[in-house]
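> Here is a sequence with its predicted model. Questions after.
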Amino acid sequence: MKFTSAALVLIVGLALADAAIYSSDDYRKFTKDCGKILRSSAQTFQKLKDKNYGDDKEVHCLIRCIGVMTRFYDDETGPNWELVNQHLEGKPGLAEYREATQQCFAALDPTSYGEDYCKKSFLSYQCAMNAYETHVKGKETEA
């Protein structure tokens, strides 16, 4: 499936900062570097930290940038499932997470984002975060 997003990036970056591939410090550096490239405001960083994304284009672009920088997302090929699998290896719910994420991506209406790659990434990010919370994080707390 060609349409997917940086969604996975931030999942890994924010929700899985303790994963083996990148450390928490690595994610902070990716976020800082993207903020510098995009000239993001302090308010944008605070919204990202608070998960208060709203319809803020700056936040959407920061999410996309982090995905690209971490190699979890590419505008042309979508999520890097191999890298996601490495991060989530051994965690319960991985197959369900992937399926739910892909179904949500497929249901996104292209007219809602048009040529806005940042918004496309953000909408996809929301798909991935919701699927992660339900199918991976939820199962970790049950164990």
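It's in.
> how about the strands in the protein?
Remark: strands assigned in the chain by DSSP state E are 73-74, 78-79.
> Please identify the pairing partners of the first one and their relative orientation?
For strand 73-74, the pairing partners within the sheet under DSSP bridges are strand 78-79 (antiparallel).
> before we move on, the earlier item: which one of the strands of the chain lies nearest to residue 41?
strand 73-74 (22.8 Å; C-beta to C-beta). No exception for glycine: its C-beta is placed from N, CA and C like everyone else's.
> still on that earlier bit, same list as before, the strands of the chain that is, but in a markdown table and with distance to residue 113, mean pLDDT and mean neighbour count included.
As requested, the strands of the chain are exported to a markdown table (distance: least, C-beta to C-beta, whole Å; pLDDT from 0 to 100; neighbours: other C-beta atoms under 10 Å):
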| stretch | distance to residue 113 | mean pLDDT | mean neighbour count |
| --- | --- | --- | --- |
| strand 73-74 | 15 | 82 | 22 |
| strand 78-79 | 14 | 77 | 24 |
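> Any chance of those in CSV with distance to residue 129 as columns?
Below are the strands of the chain laid out as CSV (distance: least, C-beta to C-beta, whole Å):
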stretch, distance to residue 129
strand 73-74, 13
strand 78-79, 13
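> Please identify which of those is closest to residue 55.
Per C-beta to C-beta, nearest to residue 55 of the strands of the chain: strand 73-74, 20.3 Å.
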